[in-house]
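Using only what follows, build the 3D model:
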Amino acid sequence: MKPGDLRQFKDGLTGSARTQSVAGRPFMVLEAATTWNPPALRVSFLIDGRIERGWSGVWVESNSEVVDESR
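Next up is the predicted model:
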């Protein structure tokens, strides 16, 4: 993932209310940065007119897919 990527969360995500609120929604990656203590990829993205910060990059990548911009 890199800034500017358009992605969409998968439908039917379960878990916290925060997780459920993004299910099926398209978003744009704003930042994908690695933290060092502990090492982890953290993602910030624009969704529904708001910015979400600090989400696990591994989780975001595995629970979303690239939007095909050619359609």
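
can we go C-alpha only for contacts and neighbour counts from here?
Will do.

In this structure residue 3 contacts residue 27, no?
No: using C-alpha atoms under 8 Å, residue 3 makes no contact with residue 27, being 11.1 Å away.

residues touching residue 65, list them.
7, 8, 9, 10 (C-alpha atoms under 8 Å, 6 or more residues apart in numbering).

Can you pull up the most central residue in the protein?
By C-alpha atoms, centre = their mean, the chain has its centre lying nearest to residue 60, at 4.3 Å.

Are we agreed that it is in a helix?
Yes: Residue 60: assigned to a helix according to DSSP: H, G, I helix; E, B strand; the rest coil.

hmm, who's touching the helix or strand bottoming out on mean pLDDT in the chain?
When the helices and strands of the chain are scored by mean pLDDT, DSSP states H and E, helix 17-20 comes last with a mean of 86. Here helix 17-20 makes contact (C-alpha under 8 Å, 6+ apart) with 12, 13, 14.

mind running it again at 10 Å?
By C-alpha atoms under 10 Å, 6 or more residues apart in numbering, the residues outside helix 17-20 that reach it are 9, 11, 12, 13, 14.

of those, buried ones?
For those, a neighbour count by 16 or more other C-alpha atoms under 10 Å gives the buried set as 9, 13.

just the helices in the chain please.
17-20, 57-62 (DSSP state H).

ok, back up a step: and the contacts of helix 17-20, which is closest to residue 47?
residue 9 (10.3 Å; C-alpha to C-alpha).

Please name the bridge partners of that closest one.
residue 64 (DSSP bridges).
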